[in-house]
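Enquirer: Everything below, folded, please.
(4 chains)
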2 protein chains.
Amino acid sequence: MYFGKRIKELREERELLQRQLAASLEIDTPMYSKIERGDRRAKREHVLKLAELLDTDPNELLMLWLAGQVYEIIKDEELGLRAIDYIKESSILSSKSGKL
Amino acid sequence: MYFGKRIKELREERELLQRQLAASLEIDTPMYSKIERGDRRAKREHVLKLAELLDTDPNELLMLWLAGQVYEIIKDEELGLRAIDYIKESSILSSKSGKL
DNA sequence: TTAAATTAGCCAATATTTGACAAGTCATTA
DNA sequence: TAATGACTTGTCAAATATTGGCTAATTTAA
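Expert: Numbers count the residues shown, from 1 in each chain, chains lettered A, B, ... in the order given. I've put the predicted structure just below:
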(Lines give C-alpha, C1' and ligand atoms only; values in the text may rest on other atoms or scores of the structure.)
Protein backbone atom coordinates (compact mmCIF):
# COMPACT_ATOMS: atom_id res chain seq x y z
CA MET A 1 0.00 0.00 0.00
CA TYR A 2 1.39 3.38 -0.92
CA PHE A 3 0.18 6.90 -0.47
CA GLY A 4 -1.64 7.42 -3.75
CA LYS A 5 -3.30 4.06 -3.62
CA ARG A 6 -4.41 4.65 -0.07
CA ILE A 7 -6.05 8.01 -0.68
CA LYS A 8 -7.79 6.60 -3.71
CA GLU A 9 -9.10 3.76 -1.63
CA LEU A 10 -10.36 6.15 1.04
CA ARG A 11 -11.85 8.50 -1.53
CA GLU A 12 -13.82 5.69 -3.07
CA GLU A 13 -15.01 4.45 0.30
CA ARG A 14 -16.31 7.96 0.98
CA GLU A 15 -17.77 8.12 -2.51
CA LEU A 16 -16.05 11.36 -3.28
CA LEU A 17 -14.94 12.54 -6.69
CA GLN A 18 -11.44 13.64 -7.58
CA ARG A 19 -12.75 17.06 -8.52
CA GLN A 20 -14.25 17.51 -5.07
CA LEU A 21 -11.00 16.78 -3.27
CA ALA A 22 -9.08 18.78 -5.83
CA ALA A 23 -11.30 21.79 -5.19
CA SER A 24 -10.79 21.47 -1.43
CA LEU A 25 -7.05 21.30 -1.93
CA GLU A 26 -7.23 24.21 -4.36
CA ILE A 27 -5.54 22.35 -7.18
CA ASP A 28 -7.07 21.26 -10.44
CA THR A 29 -8.41 17.79 -11.09
CA PRO A 30 -5.59 16.58 -13.35
CA MET A 31 -3.13 17.51 -10.65
CA TYR A 32 -5.07 15.59 -8.06
CA SER A 33 -5.31 12.64 -10.40
CA LYS A 34 -1.55 12.64 -10.75
CA ILE A 35 -1.04 12.70 -7.02
CA GLU A 36 -3.30 9.70 -6.66
CA ARG A 37 -1.37 7.79 -9.27
CA GLY A 38 1.97 8.76 -7.80
CA ASP A 39 2.87 10.88 -10.77
CA ARG A 40 3.20 14.03 -8.71
CA ARG A 41 4.13 14.47 -5.09
CA ALA A 42 1.58 15.89 -2.67
CA LYS A 43 2.68 18.72 -0.45
CA ARG A 44 2.80 18.10 3.26
CA GLU A 45 -0.11 20.46 3.83
CA HIS A 46 -2.10 18.51 1.24
CA VAL A 47 -1.51 15.31 3.13
CA LEU A 48 -2.88 16.82 6.32
CA LYS A 49 -5.81 18.37 4.54
CA LEU A 50 -6.59 15.06 2.86
CA ALA A 51 -6.62 13.29 6.21
CA GLU A 52 -9.23 15.80 7.32
CA LEU A 53 -11.30 15.57 4.17
CA LEU A 54 -11.17 11.80 4.17
CA ASP A 55 -11.72 11.65 7.92
CA THR A 56 -8.77 9.40 8.51
CA ASP A 57 -5.64 9.18 10.62
CA PRO A 58 -3.22 11.89 9.49
CA ASN A 59 -0.29 9.88 10.82
CA GLU A 60 -1.03 6.97 8.57
CA LEU A 61 -1.07 9.21 5.52
CA LEU A 62 1.98 11.16 6.59
CA MET A 63 3.87 7.95 7.16
CA LEU A 64 2.98 6.60 3.73
CA TRP A 65 3.84 9.95 2.17
CA LEU A 66 7.26 9.96 3.83
CA ALA A 67 7.90 6.36 2.93
CA GLY A 68 7.19 7.21 -0.69
CA GLN A 69 9.77 9.95 -0.66
CA VAL A 70 12.40 7.77 0.95
CA TYR A 71 11.60 5.07 -1.54
CA GLU A 72 12.19 7.46 -4.41
CA ILE A 73 15.74 7.91 -3.21
CA ILE A 74 16.70 4.30 -2.67
CA LYS A 75 14.59 2.42 -5.16
CA ASP A 76 17.33 2.01 -7.74
CA GLU A 77 20.12 1.65 -5.24
CA GLU A 78 21.72 -1.62 -4.44
CA LEU A 79 22.67 -0.24 -1.04
CA GLY A 80 19.30 1.26 -0.23
CA LEU A 81 18.34 -1.16 2.49
CA ARG A 82 21.75 -0.97 4.08
CA ALA A 83 21.46 2.79 4.12
CA ILE A 84 18.16 2.78 5.97
CA ASP A 85 19.43 0.12 8.35
CA TYR A 86 22.35 2.40 9.03
CA ILE A 87 20.02 5.26 9.87
CA LYS A 88 18.07 3.07 12.24
CA GLU A 89 21.22 1.88 13.96
CA SER A 90 22.67 5.31 14.41
CA SER A 91 19.36 6.17 16.04
CA ILE A 92 19.95 9.82 15.55
CA LEU A 93 16.30 10.35 14.91
CA SER A 94 14.76 9.42 18.19
CA SER A 95 17.64 10.67 20.27
CA LYS A 96 18.08 13.90 18.33
CA SER A 97 21.77 13.45 19.04
CA GLY A 98 23.31 14.13 15.70
CA LYS A 99 23.04 14.30 12.00
CA LEU A 100 24.11 12.39 8.94
CA MET B 1 29.69 9.00 11.05
CA TYR B 2 28.23 10.66 8.01
CA PHE B 3 29.42 11.13 4.49
CA GLY B 4 31.14 14.48 4.80
CA LYS B 5 32.84 13.56 8.01
CA ARG B 6 34.03 10.28 6.55
CA ILE B 7 35.62 11.75 3.44
CA LYS B 8 37.30 14.38 5.56
CA GLU B 9 38.69 11.68 7.77
CA LEU B 10 39.98 9.72 4.80
CA ARG B 11 41.39 12.81 3.15
CA GLU B 12 43.37 13.67 6.26
CA GLU B 13 44.61 10.11 6.62
CA ARG B 14 45.91 10.34 3.05
CA GLU B 15 47.28 13.81 3.75
CA LEU B 16 45.49 15.32 0.82
CA LEU B 17 44.29 18.90 0.53
CA GLN B 18 40.76 19.95 -0.31
CA ARG B 19 42.03 21.74 -3.38
CA GLN B 20 43.62 18.55 -4.66
CA LEU B 21 40.43 16.55 -4.42
CA ALA B 22 38.43 19.50 -5.71
CA ALA B 23 40.65 19.65 -8.79
CA SER B 24 40.23 15.93 -9.41
CA LEU B 25 36.47 16.28 -9.14
CA GLU B 26 36.57 19.36 -11.34
CA ILE B 27 34.85 21.60 -8.86
CA ASP B 28 36.33 24.50 -6.96
CA THR B 29 37.69 24.30 -3.46
CA PRO B 30 34.86 26.15 -1.70
CA MET B 31 32.42 23.73 -3.25
CA TYR B 32 34.41 20.75 -2.07
CA SER B 33 34.64 22.27 1.37
CA LYS B 34 30.87 22.56 1.46
CA ILE B 35 30.43 18.94 0.49
CA GLU B 36 32.73 17.89 3.28
CA ARG B 37 30.76 19.92 5.78
CA GLY B 38 27.44 18.67 4.50
CA ASP B 39 26.48 22.06 3.19
CA ARG B 40 26.16 20.83 -0.38
CA ARG B 41 25.29 17.42 -1.69
CA ALA B 42 27.87 15.48 -3.69
CA LYS B 43 26.78 13.97 -6.96
CA ARG B 44 26.74 10.22 -7.28
CA GLU B 45 29.64 10.34 -9.73
CA HIS B 46 31.61 12.40 -7.21
CA VAL B 47 31.08 9.76 -4.57
CA LEU B 48 32.50 7.07 -6.82
CA LYS B 49 35.39 9.25 -7.89
CA LEU B 50 36.15 10.08 -4.28
CA ALA B 51 36.27 6.40 -3.39
CA GLU B 52 38.88 6.00 -6.10
CA LEU B 53 40.89 9.02 -5.10
CA LEU B 54 40.80 8.10 -1.45
CA ASP B 55 41.44 4.44 -2.23
CA THR B 56 38.52 3.25 -0.18
CA ASP B 57 35.44 1.08 -0.49
CA PRO B 58 32.96 2.80 -2.82
CA ASN B 59 30.08 0.94 -1.20
CA GLU B 60 30.81 2.42 2.18
CA LEU B 61 30.77 5.93 0.76
CA LEU B 62 27.71 5.31 -1.37
CA MET B 63 25.85 3.94 1.60
CA LEU B 64 26.71 6.95 3.74
CA TRP B 65 25.78 9.25 0.90
CA LEU B 66 22.39 7.58 0.50
CA ALA B 67 21.79 7.57 4.22
CA GLY B 68 22.42 11.28 4.29
CA GLN B 69 19.80 11.88 1.65
CA VAL B 70 17.24 9.75 3.40
CA TYR B 71 18.05 11.51 6.62
CA GLU B 72 17.37 14.88 5.01
CA ILE B 73 13.83 13.76 4.33
CA ILE B 74 12.96 12.33 7.71
CA LYS B 75 15.08 14.32 10.12
CA ASP B 76 12.31 16.65 11.22
CA GLU B 77 9.56 14.08 10.99
CA GLU B 78 8.05 12.45 13.99
CA LEU B 79 7.11 9.51 11.80
CA GLY B 80 10.45 9.14 10.10
CA LEU B 81 11.49 5.91 11.75
CA ARG B 82 8.09 4.38 11.22
CA ALA B 83 8.31 5.29 7.57
CA ILE B 84 11.63 3.54 7.07
CA ASP B 85 10.42 0.56 9.08
CA TYR B 86 7.48 0.43 6.73
CA ILE B 87 9.75 0.36 3.73
CA LYS B 88 11.76 -2.48 5.22
CA GLU B 89 8.64 -4.46 6.01
CA SER B 90 7.13 -4.07 2.59
CA SER B 91 10.45 -5.42 1.31
CA ILE B 92 9.77 -4.01 -2.09
CA LEU B 93 13.41 -3.25 -2.49
CA SER B 94 14.99 -6.64 -2.45
CA SER B 95 12.10 -8.36 -4.14
CA LYS B 96 11.58 -5.65 -6.73
CA SER B 97 7.92 -6.51 -6.42
CA GLY B 98 6.34 -3.11 -6.25
CA LYS B 99 6.57 0.53 -5.46
CA LEU B 100 5.51 2.96 -2.80
C1' DT C 1 53.21 38.24 10.82
C1' DT C 2 52.82 35.67 6.48
C1' DA C 3 51.13 32.35 3.65
C1' DA C 4 48.36 28.51 2.83
C1' DA C 5 44.10 26.16 3.73
C1' DT C 6 39.53 26.31 4.62
C1' DT C 7 35.02 28.50 5.07
C1' DA C 8 31.24 32.00 4.32
C1' DG C 9 28.37 34.69 1.50
C1' DC C 10 26.65 35.99 -2.64
C1' DC C 11 24.96 35.67 -7.33
C1' DA C 12 23.94 34.00 -11.92
C1' DA C 13 23.18 29.82 -14.57
C1' DT C 14 20.90 25.57 -14.62
C1' DA C 15 17.81 22.12 -13.40
C1' DT C 16 13.71 20.53 -11.21
C1' DT C 17 9.08 21.04 -9.71
C1' DT C 18 4.68 23.06 -9.96
C1' DG C 19 0.31 24.33 -11.59
C1' DA C 20 -2.64 25.19 -15.30
C1' DC C 21 -4.66 24.19 -19.58
C1' DA C 22 -6.34 21.60 -23.62
C1' DA C 23 -7.29 17.42 -25.34
C1' DG C 24 -7.64 12.62 -24.77
C1' DT C 25 -9.74 7.99 -23.04
C1' DC C 26 -13.21 5.30 -20.93
C1' DA C 27 -17.59 4.15 -19.10
C1' DT C 28 -22.35 5.24 -18.59
C1' DT C 29 -26.65 6.81 -20.09
C1' DA C 30 -30.07 9.36 -22.95
C1' DT D 1 -25.23 6.70 -31.58
C1' DA D 2 -24.46 10.85 -29.26
C1' DA D 3 -23.72 13.13 -25.17
C1' DT D 4 -22.21 13.48 -20.54
C1' DG D 5 -19.25 12.90 -16.57
C1' DA D 6 -15.02 11.09 -14.44
C1' DC D 7 -10.54 10.54 -14.94
C1' DT D 8 -5.95 10.66 -17.49
C1' DT D 9 -2.29 12.34 -20.64
C1' DG D 10 0.73 15.63 -22.55
C1' DT D 11 2.61 20.02 -22.88
C1' DC D 12 4.14 24.42 -21.37
C1' DA D 13 5.46 28.46 -18.73
C1' DA D 14 6.09 30.09 -14.02
C1' DA D 15 7.88 29.32 -9.73
C1' DT D 16 11.54 26.96 -6.83
C1' DA D 17 15.50 24.78 -5.85
C1' DT D 18 20.14 23.45 -6.87
C1' DT D 19 24.63 24.19 -8.78
C1' DG D 20 28.91 26.09 -9.60
C1' DG D 21 31.97 29.70 -9.30
C1' DC D 22 33.69 34.09 -7.58
C1' DT D 23 35.34 37.14 -3.85
C1' DA D 24 36.27 37.89 0.62
C1' DA D 25 36.71 36.37 5.29
C1' DT D 26 38.47 33.28 8.68
C1' DT D 27 41.32 29.84 10.56
C1' DT D 28 45.64 27.28 10.81
C1' DA D 29 50.54 26.47 10.61
C1' DA D 30 55.10 27.91 10.10
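Enquirer: Contact residues of chain A facing DNA strand D?
Expert: Within chain A, the residues that sit near DNA strand D (C-beta under 7 Å from any atom of the strand) are A:17-19, A:29-30, A:33-34, A:36-37, A:39. C-beta: built from backbone N, CA, C; applies to glycine.
Enquirer: cutoff 10 Å now
Expert: A:4, A:8, A:11-12, A:15-22, A:28-40 (C-beta under 10 Å from any atom of the strand).
Enquirer: For the buried ones among those residues, write the corresponding ChimeraX selection.
Expert: To isolate the buried members of these in ChimeraX, using 16 or more other C-beta atoms under 10 Å in any protein chain shown:
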select /A:4,11,18,21,22,31,32,33,35,36,38
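Enquirer: Show the pLDDT at the most centrally placed residue in chain A.
Expert: Central residue of chain A (C-alpha atoms, centre = their mean): residue A:65, 1.5 Å from the mean position. At residue A:65, the predicted lDDT confidence score is 97.
Enquirer: Please see if the helix or strand hosting it touches chain B.
Expert: Here residue A:65, judged by DSSP states H and E, is contained in helix A:58-74. Yes: applying C-beta under 8 Å from any C-beta of the partner chain, one finds helix A:58-74 touching chain B at A:59, A:62-64, A:66-71, A:73-74.
Enquirer: Please indicate which of the residues you listed has the highest neighbour count?
Expert: residue A:67 (28 neighbours; other C-beta atoms under 10 Å in any protein chain shown).
Enquirer: Going by proximity to DNA strand C, name the top residue of chain A.
Expert: Per C-beta to the nearest atom of the strand, residue A:30 is where chain A lies closest to DNA strand C, at 3.5 Å.
Enquirer: Tell me which helix or strand in chain A has the weakest average pLDDT.
Expert: Least confident helix or strand of chain A, by mean pLDDT, DSSP states H and E, is helix A:92-95 with a mean of 53.
Enquirer: Perfect, that will be all.
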